[in-house]
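> here is a sequence together with a model predicted from it:
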Amino acid sequence: MTTYDERRLRIVSWNVNGIRARMPRIAEMLRRERPDMVCLQETRCPFRHFPHKRLGELGYRAQHSPGRRNGGVAILVRSDHRITSRCLSLDNQHDLAAGRWLETTCAGLTLGSVYVPAGPTRQELDDSGKLAFLEAVANQACHDHYHPMLIAGDFNVAPSDRDVYEPTWLEGSYATAAAEREDLRHILNDGELVDVYRHLHPDDHGYTCWDQRGGHYARDYGLRIDLALASSRLAEHITRCEVKHAYRQGRRPSNHAPLEIELEGIRDCAERAIAA
DNA sequence: ATGACTCCTGAGAGGAGA
């Protein structure tokens, strides 16, 4: 029986691009890393086909919010943890959350798994759905949370030009449009959230997503659109945040790499919040 | 700039992703 350090939590966020197609790689990651919690995006899997049994064999319980056809988010919790609450709505809207937002409180932490709509392309300029969704995430982050909060997932927004391989090629695209970036700043400022990777690695690219075509990964034509946002009182407890390249390589990878976040002293953090 | 992807559904192409 493995024993785990209760004061240290490791959380992985991963856009798996189809949980069924990715199950061998997900199993590999869970066996090797044994994270406490996992936020998944793009499960692309109907409710009835979700691999609860296989995940159970691997020692994880899953909560799943399927999307209509694409999308879908899940949160996996290692079986030795007790889940204290769950939330299936985003800014009090159930329909907005379907397939795109899940929230679980566990081990003194409220964790959100988010999949922001990709939004506009160069051809298709209407981005109102994406902006409304980002607004709802901002509101959700502003709600009173008893526990410190970590929101992790695929935001489909690269916060700045430093987060994309060649800004001029992507000008005005879904990931770099000014309005999206403005809304992301709004989430960070109003929710008092910290972009964890950028906070710990001010000078690295930290790309998490590479197009599957044409050797983008080999050339490192990447985007940093998978983010972990921590409430400010949680941010000081984050000791590590890394892109796990091993799972973007090898056999049948997702187009995204997992992002791993390590927290220490989380119980202290919750206790201080209660005392305050 | 990328030459030439890969998932899903449903039974073959077509939509979607980013």
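Yep, it's here.
> isn't A:Y165 right up against A:R224?
No: with contact defined as CB atoms under 8 Å, A:Y165 does not count as touching A:R224 (9.7 Å). Placement of C-beta: from N, CA and C, glycine included.
> need the overlap of contacts for those two.
Common contact partners of A:Y165 and A:R224 (CB atoms under 8 Å, 6 or more residues apart in numbering): A:205, A:207.
> the two: which is more packed in?
A:R224 (27 against 18; other CB atoms under 10 Å).
> grab the nearest non-local neighbour of the more buried one.
Nearest non-adjacent residue to A:R224, counting by CB to CB, 6 or more residues apart in numbering: A:D163, 3.8 Å away.
> tell me, how many neighbours does the one you found end up with?
Count around A:D163 with other CB under 10 Å applied: 24.
> which residues does it contact?
A:198, A:205-207, A:223-225.
> could you do A:P117 as well?
By CB under 8 Å, 6+ apart, the neighbours of A:P117 are A:100, A:129-130, A:133, A:156.
> return the residues of chain A in contact with DNA strand B.
Applying CB under 7 Å from any atom of the strand, we find that chain A lies next to DNA strand B at A:15, A:17-22, A:42, A:44-46, A:49, A:69-71, A:117-118, A:121, A:154, A:156, A:166, A:169-170, A:174-175, A:209, A:211-216, A:221, A:223, A:225, A:252, A:255-256.
> for the residue in the stretch 101-250 of chain A that DNA strand B sits nearest to, which three-state class applies?
Going by CB to the nearest atom of the strand, DNA strand B is nearest to A:G214 of the stretch 101-250 of chain A, at 2.0 Å. Secondary structure state of A:G214, per DSSP: H, G, I helix; E, B strand; the rest coil, is coil.
> state the distance from it to A:G250.
Taking CB to CB, to the nearest Å as the measure, A:G214 falls 19 Å from A:G250.
> same question for A:R31.
14 Å.
> same check on A:P117?
From A:P117 over to A:G250 the distance is 29 Å, taken as CB to CB.
> A:H201 too?
A:H201 is 24 Å from A:G250, by CB to CB.
> buried only: go through the contacts of A:D163 for me.
By neighbour count, with 16 or more other CB atoms under 10 Å, these hold A:198, A:205-207, A:223-225 as buried.
> now pLDDT and secondary structure too, for these, in CSV please.
Formatted as CSV, the buried ones among the contacts of A:D163 follow (pLDDT from 0 to 100; DSSP: H, G, I helix; E, B strand; the rest coil):
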residue, pLDDT, secondary structure
A:R198, 96, helix
A:H205, 93, coil
A:G206, 96, coil
A:Y207, 96, coil
A:L223, 95, strand
A:R224, 96, coil
A:I225, 96, coil
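> which one of the residues you listed is nearest to A:N139?
A:I225 (21.2 Å; CB to CB).
> now do the contacts for the closest one.
A:I225 neighbours (CB under 8 Å, 6+ apart): A:154-158, A:163, A:175, A:208-209.
> what does A:H64 give?
Contacts of A:H64 by CB under 8 Å, 6+ apart are A:43, A:45, A:47, A:50, A:52, A:72-74, A:102.
> ok, the host helix or strand of it: who's next to it in the sheet?
Using DSSP states H and E, A:H64 maps to strand A:60-65. Paired neighbours of strand A:60-65 in the sheet (DSSP bridges): strand A:73-78 (antiparallel).
> could you identify the helix or strand that succeeds the strand it pairs with?
strand A:83-87.
> what ranges do the helices span in chain A?
Taking DSSP state H as the test, the helices found in chain A are A:23-33, A:52-57, A:94-97, A:128-142, A:178-190, A:196-200, A:216-219, A:232-235, A:266-275.
> and those, which one's lowest on average pLDDT?
In terms of average pLDDT, helix A:266-275 trails the rest of the helices of chain A, at a mean of 72.
> re the thing from before, in strands, which of the residues of chain A next to DNA strand B fall?
Using DSSP state E, the subset of the residues of chain A next to DNA strand B located in strands is A:15, A:154, A:209, A:223.
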